[in-house]
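Q: Need coordinates for the following:
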Amino acid sequence: MRKLFPRIHQEEESNIDITPMIDVVFIMLIFFIVTASFVKESGIDVNRPEASTAVTKERANILIAISANDEIWIDKRRIDSRSIRAVIERMHAQNPQGSVVIQADKRSTNDKLVKIMDAAREAGVYNIAIATRKQ
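A: From the prediction side, this is the model:
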């Protein structure tokens, strides 16, 4: 009868508690979700002009698209030209280190491009780039 007790005691010690491991996995998951940078899109496909000196821009958090018929799109929404500054201010407040990238179609007018650049500067964003395709 003495031989049965050590077996029972030995089986109780062999159980592994995985609760701390699950806690660590959930904390890591939350960390990766919070620190992930999500890709933002302007909302339309733009036929960008080509440039031989095109450079990839990092950390662009405000993407503004100008369509061929001069419609302005931000975050998959068509924006009225009078409210561009307010939208840029709001988005810049969410990420002050970001920049504005304007994706202007080849057939859009320079007038819209200049108005958007002025609105961005009035909103306090001076890091502005124009998207092109590499030749």
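Q: need the helix or strand of the protein with the lowest average pLDDT.
A: When each helix and strand of the chain is scored by mean pLDDT, DSSP states H and E, helix 4-13 comes last, with a mean of 56.
Q: Grab the CA positions of stretch 101-116 and hand them over as CSV.
A: Taking C-alpha atoms only, stretch 101-116 is exported to CSV below (Å, rounded to 0.1, in the frame of the first residue of the first chain):
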residue,chain,number,x,y,z
VAL,A,101,1.5,62.6,-49.9
ILE,A,102,-0.5,63.9,-52.8
GLN,A,103,-1.4,61.3,-55.6
ALA,A,104,-2.3,63.5,-58.5
ASP,A,105,-3.5,62.0,-61.7
LYS,A,106,-1.7,62.9,-64.9
ARG,A,107,-4.8,64.7,-66.3
SER,A,108,-5.6,66.6,-63.1
THR,A,109,-5.1,70.4,-63.0
ASN,A,110,-2.2,72.1,-61.2
ASP,A,111,-4.8,74.3,-59.6
LYS,A,112,-6.1,71.5,-57.4
LEU,A,113,-2.6,70.4,-56.5
VAL,A,114,-1.5,73.8,-55.4
LYS,A,115,-4.8,74.3,-53.4
ILE,A,116,-4.1,71.1,-51.5
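Q: Report the residue spans of this structure with pLDDT below the cut-off.
A: Within the chain, the ranges that satisfy pLDDT under 70 run 1-14, 37-60, 135.
Q: Which stretches in it count as helices?
A: 4-13, 19-35, 84-94, 110-122 (DSSP state H).
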